[in-house]
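**Q** could you work out the structure for the sequence below:
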Amino acid sequence: MDALERSLRNSAQVASAAVVPQAIDDAARQFYLHHEFVPLAEHPRKLFLAMATIQQALAKRK
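**A** Residues are numbered from 1 along each chain as shown. Predicted coordinates:
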């Protein structure tokens, strides 16, 4: 969560809309899917998590 929190905090400065990791294997892909990342249709190992979703998840933790 620390990396997502830092990404959200920095998104205002760099105008990022999402975090897009590339899973190195199926286990990593399952990890991201478990944490609500959405796979990109054209590249199933690339996943997407919108900053709005990150913001909501972090707000629930506080």
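**Q** now the strands for this structure?
**A** Per DSSP state E, the chain carries strands over the ranges 18-19, 38-39, 47-50.
**Q** state the mean pLDDT of the longest one.
**A** Rounded to a whole number, the mean pLDDT of strand 47-50 is 96.
**Q** related to what we said a few turns ago, how about the strands of the chain, which one is nearest residue 2?
**A** strand 18-19 (12.5 Å; CB to CB). (Glycine included, C-beta is placed from N, CA and C.)
**Q** in its sheet, what does that closest one sit against?
**A** Partners of strand 18-19 in the sheet, by DSSP bridges, are strand 47-50 (antiparallel).
**Q** contacts for the partner strand?
**A** Residues from elsewhere that reach strand 47-50, judged by CB atoms under 8 Å, 6 or more residues apart in numbering: 4, 17-23, 29, 32-33, 35-40.
**Q** low-confidence ranges, the chain, go.
**A** 1 (pLDDT under 70).
**Q** let's see it at 90
**A** For the chain, the stretches flagged by pLDDT under 90 are 1-3, 8-16, 58, 60-62.
**Q** for it, which segments count as helices?
**A** Remark: helices assigned in the chain by DSSP state H are 2-14, 26-34, 51-61.
**Q** any idea of the angle the first one forms with helix 51-61?
**A** Here helix 2-14 points in a direction 130 degrees away from that of helix 51-61 (axes from the mean of the first three to the mean of the last three CA atoms, to 10 degrees).
**Q** one step back: closest one to residue 10 among the strands of the chain?
**A** Using CB to CB, the nearest of these to residue 10 is strand 18-19, at 10.8 Å.
**Q** what's the distance between the closest one and the middle of its chain?
**A** Distance of strand 18-19 from the chain centroid (CA atoms, centre = their mean, to the nearest Å) equals 5 Å.
**Q** next one: stretch 41-49
**A** Using CA atoms, centre = their mean, the offset of stretch 41-49 from its chain centre is 11 Å.
**Q** gap between the two ends of that stretch?
**A** 14 Å (CA to CA, to the nearest Å).
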